[in-house]
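**Q** Whatever this is, show me its structure:
(one chain, ligands or ions: 1)
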Amino acid sequence: MRVAEGVEALELTMDFLGGPSAIHPTLVWDERDAILIDTGMPGQLEAIREACRRAGVPLERLTRVILTHQDIDHIGGLPALLGAVGHEVEVLAHALDRPYIEGEKTPIKMDPRRMAERLKGLPAEQRAQVEAVIKNPPHAPVDRTVEDGEVLPYCGGITVIHTPGHTPGHLSLYLQRSRTLVSGDALVSEGGRLLGPRPTVTPDMDEAVRSLAKLAPLDVVTAITYHGGVVDRDVARSLAELAGAG
Ligand SMILES: [Zn+2]
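**A** Alright, predicted model coming up:
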């Protein structure tokens, strides 16, 4: 879905735990750069290639990838993507999530005890698929870490906002030119309505709710939530309410 000139909310379908659902990486570009924010699940390279092509930005144009955080549905497509682009792509993430993305530490949501709980009751075939991923989680090098408040000088300016809670190094990104908030999983949405972080997948809810206070002051016209997609009505008011609810 085209959000603004040079901003597209891609739509991919993932089917991992909890049945099929849509996920929404964001593609941001201008004449010089093409930046993908989050990369889908392992095995989604062709779906990403097709989604980029439909947005009018061939995958080969990619210059950078920004990862909002370490979770598998956000970094899973990265290793294959880096291999497919055919030239250097700079990967950016927050320092606190870097060791998980690089495979130095087990991703926090893949903690074996936590996973055993979630695997209970899954059909055998699906269970095997998930177990294979847990045994060998996708990882890729982070070229550069970014910090809260940093403004990346790409595509009209991208403000980095550290929004921990869902993971320690979770980032949200504010696209200055189009006043678009790419929330990652700091927020979700349903039916075009902005909602707070999901408790079941957010290990530190207190911190996640505190993080919302950093988003409320932004002048946001459109939000892209990774789970739930684009929200373009009453965004500023919803953000203020969600932040106030903390
Ligand atoms: Zn997610």
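**Q** give the contact list for Ala140.
**A** 75, 78-79, 82, 91, 101-102 (Cβ atoms under 8 Å, 6 or more residues apart in numbering). The C-beta positions use only the backbone N, C-alpha and C, and glycine is treated the same way.
**Q** ok, which residues in the protein are in contact with the ion?
**A** 71, 73, 185 (Cβ under 5 Å from the ion).
**Q** how does it look with 6 Å?
**A** Residues of the chain that fall close to the ion, judged by Cβ under 6 Å from the ion: 71, 73-74, 185, 226-227.
**Q** residues near Val130, how many?
**A** If you count neighbours by other Cβ atoms under 10 Å, Val130 ends up with 18.
**Q** quick one: the least confident helix or strand in the chain by mean pLDDT to chain centroid distance?
**A** Lowest on mean pLDDT, DSSP states H and E among the helices and strands of the chain sits helix 112-119, with a mean of 76. From the chain centre to the centre of helix 112-119 is a distance of 23 Å (Cα atoms, centre = their mean, to the nearest Å).
**Q** Flag every buried residue along it.
**A** Neighbour counts over helix 112-119 (16 or more other Cβ atoms under 10 Å) mark Met115 as buried.
**Q** who touches that helix?
**A** Contacts of helix 112-119 (Cβ under 8 Å, 6+ apart): 17, 109, 127, 130-131, 134.
**Q** Going by distance to Val160, which of those residues wins?
**A** Proximity of these to Val160 (Cβ to Cβ) peaks at Lys109, which lies at 22.3 Å.
**Q** so what pLDDT did the residue lying closest to the closest one once chain neighbours are set aside get?
**A** Closest residue to Lys109 apart from its sequence neighbours, by Cβ to Cβ, 6 or more residues apart in numbering: Asp71 at 5.8 Å. Asp71 carries a pLDDT score of 95 in this model.
**Q** Tell me who's in contact with Asp71.
**A** Asp71 neighbours (Cβ under 8 Å, 6+ apart): 107, 109, 166-167, 185, 201.
**Q** After the least confident helix or strand of the chain, heading C-terminal, what element do we hit next?
**A** Counting by DSSP states H and E, the next helix or strand C-terminal to helix 112-119 is helix 124-135.
**Q** Okay, buried residues for that following helix please.
**A** By neighbour count with 16+ other Cβ under 10 Å, helix 124-135 contains the buried residues 130, 133-134.
**Q** Following element in sequence after it, please.
**A** strand 144-146.
**Q** strand partners of that following strand, parallel vs antiparallel please.
**A** strand 90-94 (parallel) (DSSP bridges).
**Q** that older thread, list just the nearest of the contacts of helix 112-119 to the ion.
**A** Taking Cβ to the ion as the measure, the ion lies nearest Lys109 of the contacts of helix 112-119, at 9.2 Å.
**Q** Assign that closest one to helix, strand or coil.
**A** Classification of Lys109 using DSSP: H, G, I helix; E, B strand; the rest coil returns helix.
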